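Undergrad: Just need the structure, nothing else, for what follows:
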Amino acid sequence: MTDAKPGGEGMAGRVQNALPWSGQIRRLARTNVYDIATLVLIAALIVVAFCTFKDYAISNDEGVQHHYGELIIAYYTSGFADQGLFKFQNLYLYGGLFDIIAVILSHLVPIDPYDLRHILCALIGIGGIGAAAVTARLIAGPRAALMTAIALSVCGAWYGTMFNHTKDIPFAAAMMGATFFLIRAARRMPSPRIGDVAAFGLLAGAALGIRVLGLLLVIYAGIAIALYLPWRGQGRRRFAIGSLSGLLPALLLAYVIMILAWPWAAVAPLNPVRGLLSFAEFQYGIRTVVDGQVYEMAKVPRLYVPIYILIRMPLLVLFGAALAMTVALLPRLATGSTQLPRRDIVMVALTVIVPLVCQVIFHGPAFTGMRHFLFVVPALAVLAGIGLDAAVTALATRGRLVASGALAVVAAGLLWDAGTLVRLHPYEYLFYNRVVGGLEGASRRYDLDYWFSSMPEALNLLETYLRRSEPADAGKPTQVYSVAVCGERLPFEKTVTLPQLRWDFKAQWDQSEFFIAPTHMNCDGDLDGEIIGTVKRLGIAIAYVKDRRKLIRPTATAAR
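TA: The predicted model follows:
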């Protein structure tokens, strides 16, 4: 027995060495199944993003944003002598953090810079999904985290903008991440952990380095201190002062990151406030539509943004968010959910309510639907995950079968939304819910393809038509055609492959031989012509291709 023991130990050691993954397998077995599912979902989204990023068109803002990033880098590399960024349109009112990173990476990664921007933006968007999931997990557990991650992934307003809305998505992801760490810090006030404070400051700086609306996080920090004050006992003043002191390093870190990414903010101490006020007074000649009524951006209804949120968010997300707020305000109505940290839920809810209330009260300008308020979407998904999880938990008290049925209903609703996004691809941002009758009900009544993301598909239809009707002939000179486009030049020139198709080069727009346009704001009606191609999703036309040669030839003959 004495001799056998060392031999046994040696055999055990050899077995352990032979199975290096055994420890990881045991740890994985102890991991919550919902956590595993959330990680699998995130990994799957990354794979899908790398497989589909080329399907998404260059947005209207990307050309100027990329150049703005180049100007910021030139400002620093010239020792602040090159001040072109302060004269480039109104871009100096924005931070350029994303654009700086994209420009630097474009010199390191040998791919098209706009493909790179789309990959980077998509990965940040997936990071936003992860930030929303960990926030829901912090508050309500792993199942709520999974529901949140799925809800945000199948939200067309998020996924459909995740590749080419390179200001909106990074800003929203940074705001969600900062909110997560703010809640973690608030739970330990008046002595928050330095890691949480640093992460909050880093992400707050990232948000401010993209948009001045990141100043909302300063307000949220004040709300958190007030919200987490002890309800009873002495020392409330000491708690508030200690909490403020604990968060002050985060605000200083955020300020440093902001001025590095937004040089104009460093020119004068009050420039960030001036930038915020400037946005409130923007007066562009941009129009938008609500229920078929066209408005100038400065004259939209006060409820413009809440209306678009109501009709563009999946109904299951809105329902779950309403449930979460109900649980926070009236916890006794949700049996089995009374132990949820109500202050955390209220904190997340206020990150949705505060900006929307400010928009309604101050009646700021707005256009392109809810694009400028995408930063409230992850928080709504967090609330939805918490609310739906609370509902399933409450129904579990009535029996396992009832709880399983509730989970099946939630899963079916989320799968239905996912199926709709697959059918809309790559125009997922055209998702509208049943309140307005989906895409069919929204067509011509609400903002649709406002950045003409369907231009590449429309161009492909035009090129296919020309290849079929006018096959190449080496003995004949190539006929060059002018194409009038209800969109931007950059995405056209990045997409077109036929040398005989040129961006509108005629003296007058209506002299062009071809016309491509989205149905957004009835732009397709600006020029007549024979319809030779239609971009459709869910049976609804979202863009047209028109041949105008029969209309302009009589005019050309008369001129000769």
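
Undergrad: so what's Tyr159 closest to, chain neighbours aside?
TA: For Tyr159, ignoring the flanking residues on the chain, the nearest one in space by CB to CB, 6 or more residues apart in numbering is Glu428 at 5.1 Å. Where C-beta positions appear, they are placed from N, C-alpha and C, glycine not excepted.

Undergrad: who are the neighbours in contact with the one you found?
TA: Taking CB atoms under 8 Å, 6 or more residues apart in numbering as the contact definition, Glu428 lies against Gly156, Tyr159, Gly160, Leu421.

Undergrad: Apply 10 Å and report the result again.
TA: If you count contacts by CB atoms under 10 Å, 6 or more residues apart in numbering, Glu428 has them with 56, 154-163, 420-422, 453, 537.

Undergrad: residue ranges of the strands in this structure, please?
TA: Assigned strands in the chain, in chain order: 287-290, 293-296, 481-485, 501-503, 514-518, 530-537, 540-547 (criterion: DSSP state E).

Undergrad: tell me the most buried of those strands?
TA: Looking across the strands of the chain with neighbours counted as mean count of other CB atoms under 10 Å, the highest average goes to strand 514-518: a mean of 26.

Undergrad: State the paired neighbours of that strand in the sheet, together with their directions.
TA: Neighbouring strands of strand 514-518 in its sheet, by DSSP bridges, are strand 481-485 (parallel), strand 540-547 (antiparallel).

Undergrad: between it and strand 530-537, how big is the angle?
TA: For the pair strand 514-518 and strand 530-537, the angle between their directions (axes from the mean of the first three to the mean of the last three CA atoms, to 10 degrees) equals 30 degrees.

Undergrad: and stretch 42-53, how far from the chain's centre?
TA: On the basis of CA atoms, centre = their mean, to the nearest Å, the separation between the geometric centre of stretch 42-53 and that of its chain is 15 Å.

Undergrad: picking up where we left off before, including distance to Ala185 and mean pLDDT, could the strands of the chain go into TSV?
TA: Output for those, formatted as TSV (distance: least, CB to CB, whole Å; pLDDT from 0 to 100):
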stretch	distance to Ala185	mean pLDDT
strand 287-290	38	94
strand 293-296	41	94
strand 481-485	49	95
strand 501-503	52	93
strand 514-518	45	97
strand 530-537	44	97
strand 540-547	45	97
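
Undergrad: Those: which one's closest to Ile129?
TA: Evaluated with CB to CB, those place strand 530-537 nearest to Ile129, the distance being 23.4 Å.

Undergrad: ok, back up a step: now the strands paired with strand 514-518 in CSV, with distance to Ile111?
TA: Rendered in CSV, the data for the strands paired with strand 514-518 read as follows (distance: least, CB to CB, whole Å):
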stretch, distance to Ile111
strand 481-485, 25
strand 540-547, 27
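
Undergrad: for those strands, which one sits closest to Ala266?
TA: strand 481-485 (38.9 Å).

Undergrad: hey, C-alpha coordinates of that closest one in PDB?
TA: Output of strand 481-485 as PDB, limited to C-alpha atoms (Å, rounded to 0.1, in the frame of the first residue of the first chain):
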ATOM      1  CA  TYR A 481     -24.300  58.000 -70.000                       C
ATOM      2  CA  SER A 482     -25.100  60.600 -67.300                       C
ATOM      3  CA  VAL A 483     -26.800  59.200 -64.200                       C
ATOM      4  CA  ALA A 484     -28.700  61.600 -62.000                       C
ATOM      5  CA  VAL A 485     -28.700  60.300 -58.400                       C
END
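
Undergrad: which ones are touching Gly96?
TA: 65-66, 68-73, 75, 85, 102-103, 167, 209-210, 260-264.

Undergrad: How many neighbouring residues does Tyr438 have?
TA: Actually, residue 438 is Gly. It isn't Tyr. When counting by other CB atoms under 10 Å, one arrives at 17 neighbours for Gly438.
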